[in-house]
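Q: Pasting the sequence and the predicted coordinates here, then a few questions.
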Amino acid sequence: DAGVIQSPRHEVTEMGQEVTLRCKPISGHDYLFWYRQTMMRGLELLIYFNNNVPIDDSGMPEDRFSAKMPNASFSTLKIQPSEPRDSAVYFCASSLAGWVSGKDTYEQYFGPGTRLTVT
Amino acid sequence: DQQVKQNSPSLSVQEGRISILNCDYTNSMFDYFLWYKKYPAEGPTFLISISSIKDKNEDGRFTVFLNKSAKHLSLHIVPSQPGDSAVYFCAATIRGSQGNLIFGKGTKLSVKP
């Protein structure tokens, strides 16, 4: 398997522009997570989906952030309008949580991340 | 309020010696713990995990120890290798919580040849 795929790897945009980050989870995984990593706050969960349904979006910082998962193989995180304080690395992760193959497992598999710079 | 804390931002160890990375947690409901390794410009990679029903889990050079009464876990790497140089994240969750992981801020390990 190719692992979790994210695009773009780098994004530089001007304040006020719309930014869309994309993620393809590992095939067969039923959970998808979006994280943001900054020096100040570390890795923080923004939102996660189970079977394409948003379960918890309490980590989404503001209404400017939105996420969708139209099908099991694709998700987007959109920021509109973007601001300089949104500059961070955004990770997507997927998992099969719970009891798998006779073993309790909660490992999440991360993509390479998208480094977003808003000027 | 940090529920998972890694109080050492960095650690430097000589090649061949033991590396010990520490992690503390405050939420007594946490019952499953994971360690991730992260290289620059890559996503975190799962390393090893432990359930609260155990106090030790070993995988090759990596061993995780869990002290529930102290709400403390540690990752031991023996022997340390230069390729182990990375940022290590501790994470915790509650089994059955649908895998919502809470991460520490990480410890940067440098293994010197």
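A: Perfect, I can see it now. Numbers count the residues shown, from 1 in each chain, chains lettered A, B, ... in the order given.
Q: Provide a list of residues in contact with A:Phe33.
A: Neighbour list for A:Phe33: A:45, A:47-49, A:92-95, A:108, B:99, B:101 [criterion: CB atoms under 8 Å, 6 or more residues apart in numbering or on different chains]. In short, each C-beta sits where N, CA and C put it, glycine included.
Q: And those residues, which is closest to B:Val64?
A: B:Leu101 (15.1 Å; CB to CB).
Q: what about the nearest residue to B:Asn27 once chain neighbours are set aside, neighbour count?
A: Using CB to CB, 6 or more residues apart in numbering or on different chains and skipping the chain neighbours, the partner closest in space to B:Asn27 is B:Gln3 (4.8 Å). Counted with other CB atoms under 10 Å in any protein chain shown, the neighbours of B:Gln3 add up to 14.
Q: gap between B:Gln3 and chain A?
A: Distance of B:Gln3 to chain A, given as CB to the nearest CB, to the nearest Å: 12 Å.
Q: Now do the phi/psi pair for that residue.
A: Per-residue torsions, B:Gln3: phi -90, psi -20 (degrees, to the nearest 10).
Q: quick one: it and B:Ser28 touch, right?
A: No. In this structure B:Gln3 lies outside contact range of B:Ser28 using CB atoms under 8 Å: 10.4 Å.
Q: Contact partners for B:Asp84?
A: B:19, B:37, B:77, B:109, B:111.
Q: which SS class is A:Pro112?
A: At A:Pro112 the chain is in coil, as set by DSSP: H, G, I helix; E, B strand; the rest coil.
Q: Which of the contacts of A:Phe33 are buried? Put it as a ChimeraX command.
A: This is the ChimeraX syntax for the buried subset of these, where burial follows 16 or more other CB atoms under 10 Å in any protein chain shown:
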select /A:45,47,48,49,92,93,94,95,108 /B:99,101
